[in-house]
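Novice: Could you work out the structure for the sequence below:
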Amino acid sequence: MRNSRPIILFPLLCFLSSTISILCEPNTLVCNEKEKHALLRFKKALSDPGNRLSSWSVNQDCCRWEAVRCNNVTGRVVELHLGNPYDGFDLEFYRKFKLGGEISPALLELEFLSYLNLSWNDFGGIPIPSFLGSMGSLRYLDLSYAGFGGLVPHQLGNLSTLRHLDLGDNSGLLYVENLGWISHLAFLKYLGMNGVDLHREVHWLESVSMLPSLSELHLSECELDSNMTSSLGTISEVHFTALSKLKVLWISGTSLSFHVNSSIPTSGSGRGFLSGIVDTAPNWFWKFASYIVWIDLSNNQISGDLSQVVLKNTFIDLSSNCFSGRLPRLSPNVRILNIAKFILGTDFPFHVQKMNGRSKLEVLDVGLCGA
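Specialist: Next comes the predicted model:
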């Protein structure tokens, strides 16, 4: 009995040693063979002038390929990081490394893909493939700045687990006829549709207000002008109270109208920016807006005296509007305030109201204010 303990401990130590050895070995994960060949077909349909996908070779494990991420346990492909590493501000490198061509339906074979980023590429105005709506595992889809065009497919509404959707800034080539499908994305936290033409969709606000998890909304330059606000009806508090988690709101360049004291000229510039709309944002809107961290209402035609309004935002852009009188009261949390290019309807200038507490204001832009 005296020697039994070492005999028992020896195999246990051997087991622990082998387990630790396996865990400490370099990654031996091997990707799924079917998914590997699907990715190669996907690559074949793309144009890749900068050879960004040169590591995508039949002789190499696809889990080690550039821009591919696999599950650490199963080896299944879960993420494709194919956004251009250079944005359009570095034009030389952007052109060299942008992807183009076609989006192959071979992606459908990546049944566990949860993340797809194709941003800052150039697909030459081709439509967004409707089959993307069949990729039910997607939680993150970024097609911004990618040169897609045409009708946004309603099939995207089938992506019920989606958290992040960005279709913005595709050179104004995308449009929506019916946004009802967006209301099916109950878990959506980020919606980016900057530059997507929404003028055909008069019920856009009703659809967006049905997203209870939404925390960030980008709808700048979406053609939401006077040609459709008359059929939209009044923008009411009901539309916004449902968006209780919203923290970032960008709706610049929309010629936003609240139909409170609207004065719309009989002649204008057609779709797009229409000067001359004079609308007063109601008190409930400013109460709602004060709880948003980042808010951009620039390049609209919103009017009114904001002297009784208190804004608590970190970033506020109210430039190129028709406000008059005093600025709203600002909490000490405000860091950036842009009131440049105001169109003042009165003979008296703006006055910055005294702020209580220690101000954190870092940037104040009042350029070119005037009547």
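
Novice: Please enumerate the helices of the stretch 51-200 of the chain.
Specialist: With helices called from DSSP state H, counting those that start in this stretch, the stretch 51-200 of the chain shows them at 91-97.

Novice: Got the confidence number for residue 195?
Specialist: The model reports residue 195 with a pLDDT of 94.

Novice: scratch that, residue 316
Specialist: 85.

Novice: right, and the secondary structure at it would be what?
Specialist: What DSSP: H, G, I helix; E, B strand; the rest coil gives for residue 316 is strand.

Novice: Leaving out chain neighbours, which residue sits closest to it?
Specialist: Distances taken as CB to CB, 6 or more residues apart in numbering place residue 337 nearest to residue 316, at 5.1 Å, with adjacent residues excluded. For glycine as for every other residue, the C-beta is placed from the backbone atoms N, C-alpha and C.

Novice: What is the neighbour count of that neighbour?
Specialist: 23 (other CB atoms under 10 Å).

Novice: Residue 324 too?
Specialist: 20.

Novice: what are the phi and psi angles of it?
Specialist: phi -140, psi 170 (degrees, to the nearest 10).

Novice: sorry, back to before: and the residue nearest to residue 316, which of the three is it?
Specialist: Per three-state DSSP, residue 337 ends up strand.

Novice: Could you measure from it over to residue 326?
Specialist: For residue 337, the distance to residue 326 equals 13 Å [CB to CB, to the nearest Å].

Novice: and what of residue 41?
Specialist: 63 Å.

Novice: What are the boundaries of the strands in the stretch 201-350 of the chain?
Specialist: 216-218, 248-250, 279-280, 294-296, 302-305, 310-311, 315-317, 322-324, 329-330, 336-338 (DSSP state E, counting those that start in this stretch).

Novice: Among the ones you listed, single out whichever gets nearest to residue 171.
Specialist: strand 216-218 (15.8 Å; CB to CB).

Novice: Adjacent strands (with direction) for the closest one?
Specialist: strand 190-192 (parallel), strand 248-250 (parallel) (DSSP bridges).

Novice: So what touches the first one?
Specialist: In this case it means strand 190-192. 144, 163-168, 182, 208, 211, 214-218 (CB atoms under 8 Å, 6 or more residues apart in numbering).

Novice: rank the strands paired with strand 216-218 by pLDDT, which is bottom?
Specialist: Among the strands paired with strand 216-218, strand 248-250 scores lowest, with a mean of 87.

Novice: where are the low-confidence patches of the stretch 101-250 of the chain?
Specialist: 225-237, 239 (pLDDT under 70).

Novice: Go again with 90.
Specialist: 171-172, 199-207, 209, 219-250 (pLDDT under 90).

Novice: burial count for the nearest residue to residue 207 once chain neighbours are set aside?
Specialist: Once flanking residues are discounted, residue 207 sits nearest to residue 179: 4.4 Å by CB to CB, 6+ apart. Residues near residue 179, counting by other CB under 10 Å, number 22.

Novice: how about residue 179, what does it touch?
Specialist: Residue 179 neighbours (CB under 8 Å, 6+ apart): 198, 201, 203, 204, 207, 208.

Novice: my guess is residue 210 meets residue 183, correct?
Specialist: Yes. Residue 210 lies in contact with residue 183 (CB atoms under 8 Å); the separation is 3.9 Å.

Novice: Show me what the most centrally placed residue in the chain is bridged to.
Specialist: Central residue of the chain (CA atoms, centre = their mean): residue 192, 3.1 Å from the mean position. Note on residue 192: beta-bridge partners by DSSP bridges are residue 166, residue 218.

Novice: any idea how far it lies from residue 33?
Specialist: 35 Å.

Novice: Pull the number of nearby residues for the residue lying closest to residue 54 once chain neighbours are set aside.
Specialist: The shortest distance from residue 54 to any non-neighbouring residue, by CB to CB, 6+ apart, is to residue 66 (7.7 Å). Residues lying near residue 66 (other CB under 10 Å) number 12.

Novice: cool, residue 138 as well?
Specialist: Residues near residue 138, counting by other CB under 10 Å: 23.

Novice: Wait, it touches residue 112, no?
Specialist: No. Applying CB under 8 Å, one finds residue 138 not in contact with residue 112, separated by 10.2 Å.

Novice: which ones are touching residue 49?
Specialist: 95, 96, 97, 98.

Novice: give the contact list for the third one.
Specialist: It stands for residue 97. Contacts of residue 97 (CB under 8 Å, 6+ apart): 49, 50, 52, 84, 85, 86.

Novice: count of residues packed around the third one?
Specialist: For residue 52, the tally of surrounding residues (other CB under 10 Å) stands at 19.

Novice: Give the closest residue to it in space, chain neighbours not counted.
Specialist: residue 97 (5.7 Å).

Novice: quick one on the thing from earlier: against residue 46, how distant is the residue nearest to residue 54?
Specialist: Taken as CB to CB, the span from residue 66 to residue 46 is 13 Å.

Novice: Find residues that contact each of these two.
Specialist: What both residue 66 and residue 46 touch, as defined by CB under 8 Å, 6+ apart, is the set residue 53.

Novice: Can you report phi and psi for the residue nearest to residue 102 when sequence neighbours are not counted?
Specialist: What sits nearest to residue 102 in space, not counting adjacent residues and going by CB to CB, 6+ apart, is residue 45, at 4.3 Å. Residue 45 adopts backbone torsions of phi -80, psi -10, taken as degrees, to the nearest 10.

Novice: May I see the buried residues of stretch 283-294?
Specialist: By neighbour count with 16 or more other CB atoms under 10 Å, stretch 283-294 contains the buried residues 285, 286, 288, 289, 290, 292.

Novice: er, stretch 208-224 I mean
Specialist: So, applying 16+ other CB under 10 Å, buried residues of stretch 208-224: 208-211, 214-224.

Novice: Since that was my last question, I'll sign off now.
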